[in-house]
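# Sharing a model that was predicted from the sequence below.
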Amino acid sequence: MSIELKTEAEIEIMRQADLLVHRVLGELEQMVAPGVTTAQLNARAIEITKEAGAEAAFLNYPASSPSVAPFPGVICASVNEVIVHGIPNDVPMKEGDIISIDYGCCLNGFYGDAAKTVAVGAISEEAQRLLDVTEQALEDAIEQCRPGNRIGDISHAVQKRVEANGFGVVREFVGHGIGRSMHEPPHVPNFGSPGMGRVLRSGMVLAIEPMVTAGAYEAKVLEDGWSAVTRDGSLSAHFEHSVAITESGPYVLSRP
Ligand code: MG
């Protein structure tokens, strides 16, 4: 499938969607504390989305299996061993937990998408290292977002950083192109070989999202049909930015 290239004007429209994503993630991060529920975070995300005149991108997203109900949240709230696609619920977060907050919206016809994993109160040194390495892996990947490089350069940058630190990269879920749809070609895996895959061109916009495990990288989906967890129960972290490829280098749309 062909990769849709965005004009500079379209990228600036996407920028507005992604700045809203940034704002939502920032506000929710401030709310995270022991005793707070992910349903409370979700409720606040609903309010901000509405005030901004945007549409929530994840709510009612169809499952790949017809036997699974569409996604019920406005955010994905993935605590501890949940890698991605956690459903917001009424379970209070506890001191020492980590939570990935993923939020996407559509504004003026274009989608924005980003995620970050944050600490609930004081966390273990190992959990902090997992967050730091995953965030750094995303920065390494962003650095590869230049015309003439390839998808494999992005993938390899993530894998190299993660594995050099003794962590695992999830295989089952990958980043993606984004634009007038939330998920567009190409796939952006977090593992791969440099110099392989599609050539990056100016005008591509990619949602790059390393999903990293403290233990083995194998994942499974829980009975709710959505929550992806580590098979060995180890902690997982997830950071995401939407990044435009431009002649002047990577343009991270989802941060100011
Ligand atoms: Mg995404």
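Here it is on my side, so go on.
# which bits of the stretch 101-250 of the chain sit near the ion?
113, 207 (Cβ under 5 Å from the ion). (Each C-beta comes from the backbone N, C-alpha and C, glycine too.)
# Okay, strands next: where are they in the stretch 101-250 of the chain?
With DSSP state E, counting those that start in this stretch as the criterion, the stretch 101-250 of the chain has strands at 110-119, 168-169, 175-177, 184-188, 205-208, 211-213, 219-221, 228-230, 236-238, 241-246, 249-252.
# Identify the residue of the stretch 51-200 of the chain closest to the ion, quick one.
Residue of the stretch 51-200 of the chain nearest the ion, by Cβ to the ion: residue 113 (4.3 Å).
# right, and that residue touches residue 21 too?
Yes. Taking contacts as Cβ atoms under 8 Å, residue 113 lies within contact range of residue 21: 6.5 Å.
# Now list whatever residues contact both of the two.
103, 104, 242, 254 (Cβ atoms under 8 Å, 6 or more residues apart in numbering).
# Without its sequence neighbours, what residue ends up closest to residue 244?
Distance criterion Cβ to Cβ, 6 or more residues apart in numbering; nearest residue to residue 244, sequence neighbours excluded, is residue 251 at 4.2 Å.
# for that neighbour, what are its contacts?
Here residue 251 is in contact with 11, 243, 244, 245 (Cβ under 8 Å, 6+ apart).
# Please tell me I have it right and the last one contacts residue 199.
What it means is residue 245. No. Residue 245 lies out of contact with residue 199 (Cβ under 8 Å); the separation is 10.1 Å.
# Which one of these two is surrounded by more residues?
residue 245 (23 against 12; other Cβ atoms under 10 Å).
# Could you pull up the residues touching the more buried one?
Residue 245 neighbours (Cβ under 8 Å, 6+ apart): 145, 146, 147, 200, 201, 202, 203, 204, 205, 206, 251.
# and the gap between the nearest residue in space to the second one that is not next to it in sequence and the ion?
Same thing as residue 146. Distances taken as Cβ to Cβ, 6+ apart put residue 249 closest to residue 146, at 5.9 Å, once the chain neighbours are dropped. Distance from residue 249 to the ion, counting by Cβ to the ion, to the nearest Å: 22 Å.
# One more: residue 224?
19 Å.
# Next, that residue: phi, psi?
phi -70, psi -10 (degrees, to the nearest 10).
# which stretches of this protein have low pLDDT?
For the chain, applying pLDDT under 70 flags the ranges 1.
# how about the most far-flung residue of it relative to its centre, what does it touch?
Most distant from the centre of the chain: residue 67, at 25.1 Å, with distances by Cα atoms, centre = their mean. Taking Cβ under 8 Å, 6+ apart, we find residue 67 in contact with residue 225.
# Just the C-alpha atoms of the longest helix anywhere in the chain, please, in CSV.
Ranked by residue count, the top helix of the chain under DSSP state H comes out as helix 8-31. C-alpha atoms of helix 8-31 as CSV (Å, rounded to 0.1, in the frame of the first residue of the first chain):
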residue,chain,number,x,y,z
GLU,A,8,3.5,21.3,4.8
ALA,A,9,0.0,22.8,5.4
GLU,A,10,-1.4,19.4,6.3
ILE,A,11,1.5,18.8,8.7
GLU,A,12,0.7,22.1,10.4
ILE,A,13,-2.9,20.9,10.8
MET,A,14,-1.6,17.6,12.3
ARG,A,15,0.6,19.7,14.6
GLN,A,16,-2.6,21.2,16.2
ALA,A,17,-4.0,17.7,16.8
ASP,A,18,-0.7,16.6,18.3
LEU,A,19,-0.4,19.7,20.5
LEU,A,20,-3.8,18.8,21.9
VAL,A,21,-2.5,15.2,22.5
HIS,A,22,0.5,16.7,24.3
ARG,A,23,-1.7,18.8,26.5
VAL,A,24,-4.0,15.9,27.4
LEU,A,25,-1.0,13.7,28.3
GLY,A,26,0.5,16.5,30.4
GLU,A,27,-2.7,17.1,32.4
LEU,A,28,-3.3,13.4,33.0
GLU,A,29,0.3,13.0,34.1
GLN,A,30,-0.3,15.6,36.7
MET,A,31,-3.3,13.7,38.0
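# Cool, thanks, talk later.
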